[in-house]
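[1] Dropping the sequence and predicted coords here.
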Amino acid sequence: MKTNKTILITGASSGIGKEIANIHAERGGDLVIVARSKDKLDQLKAELESKHSVKVTVIVKDLGLPDAPKEIYDEVKKAGIEIDYLVNNAGFGGLGKFHQREWEQDLAMINLNIVALTALTRLFLPDFVKRNSGRILNVSSTASLMPGPLQAVYFASKAYVTSFSNAIAEELHDTNITVTALLPGATETEFGRVSGMDKTSMFQHTASARKVAEDGYNAMLDGKLDVITGLPFGMKLMMAMIPFSPKSMLLKQIRKMQEVK
């Protein structure tokens with residue numbers, strides 16, 4: 001299905017963000033792609049524009065910096081670009097006991113996973129409301145549905161993303177704007193290597209970034225609240241048992257799954 005909508009994607013240089021960019025371009029839509037890596041963004045822009053004859057605008061920003069969301073919004077407005085779909089995908093995790101991890105790393109994680117996502121949503125949402133149209137896709141995680149020993153801050157940050165997304169979706173119930181939370185399981189992206197999770201049992205069976213991106217993109221278009229995707233059978237079973245499991249047992253199980261082998 002062809003589209004004439006313009007999408008803004010953070011964390012677009014790799015993984016799920018890059019695949020969402022590919023999907024949107026394949027359907028004929030223009031893009032604003034955001035990440036820290038200029039080289040990767042320029043390469044993606046060249047590929048998408050030559051393959052799909054779409055317009056791609058590159059914005060190089062470190063969303064961990066406090067002024068970055070406003071700078072992105074201002075650049076988009078200055079260029080006269082109207083954003084139809086906002087995809088808050090940028091985020092990272094990190095393994096280790098909370099009291100032993102570098103505080104600067106966890107603070108940067110909070111700033112990116114929570115603050116930047118919230119700020120970008122707050123900046124673009126009034127424009128969506130003014131014209132009564134728009135779609136927001138916030139990339140959360142199945143981690144948002146449980147506490148995460150050895151990734152305490154990451155799991156908690158994603159719990160915020162899901163809760164925040166669901167809440168504002170309901171606030172917008174009487175508009176033509178929707179907010180969708182994408183909750184993937186372990187996915188084949190740079191996240192596993194960067195966070196150290198690729199050495200744990202949780203990342204033994206990963207879903208393809210393309211499949212996760214397709215499920216998220218389609219759920220966004222359908223205006224769904226949540227979409228859970230990319231789970232192997234064992235994880236699906238575990239997720240189904242969460243409401244019935246004693247919390248102490250669940251915490252031990254998650255800790256063991258996240259211990260480096």
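    Happy to help now that I have it.
[2] so Asn132 sits right up against Ile177, yeah?
    Yes - between Asn132 and Ile177 there is a contact at 7.1 Å, judged by CB atoms under 8 Å. C-beta coordinates here come from the backbone N, C-alpha and C atoms, glycine included.
[3] and those two? which has more neighbours close in?
    A count of neighbours by other CB atoms under 10 Å puts Ile177 above the other of Asn132 and Ile177, at 20 against 11.
[4] Who does that one form a beta bridge with?
    For Ile177, the beta-bridge partners under DSSP bridges are Gly134.
[5] Quick check: buried residues in stretch 168-181?
    Neighbour counts over stretch 168-181 (16 or more other CB atoms under 10 Å) mark Ile168, Ala169, Leu172, Ile177, Thr178, Val179, Thr180, Ala181 as buried.
[6] For the helix or strand where Asn138 lies, which helices and strands make contact with it?
    Using DSSP states H and E, Asn138 maps to strand 134-139. Where contact means 3 or more CB pairs under 8 Å, 6 or more residues apart in numbering; DSSP states H and E, strand 134-139 is packed against helix 15-26, strand 85-88, helix 117-131, helix 152-171, strand 177-184, helix 209-222.
[7] Would you mind writing the CA trace of the third one as CSV?
    Provided in CSV are the C-alpha atoms of helix 117-131 (Å, rounded to 0.1, in the frame of the first residue of the first chain):
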residue,chain,number,x,y,z
LEU,A,117,11.2,10.1,23.9
THR,A,118,8.9,12.1,26.2
ALA,A,119,10.3,15.4,24.9
LEU,A,120,9.9,14.5,21.2
THR,A,121,6.3,13.3,21.8
ARG,A,122,5.5,16.6,23.7
LEU,A,123,7.0,18.7,20.9
PHE,A,124,5.3,17.0,18.0
LEU,A,125,2.0,16.0,19.6
PRO,A,126,0.4,19.6,19.7
ASP,A,127,0.9,19.8,15.9
PHE,A,128,-0.8,16.4,15.5
VAL,A,129,-3.7,17.6,17.7
LYS,A,130,-4.0,20.9,15.8
ARG,A,131,-4.6,19.1,12.5
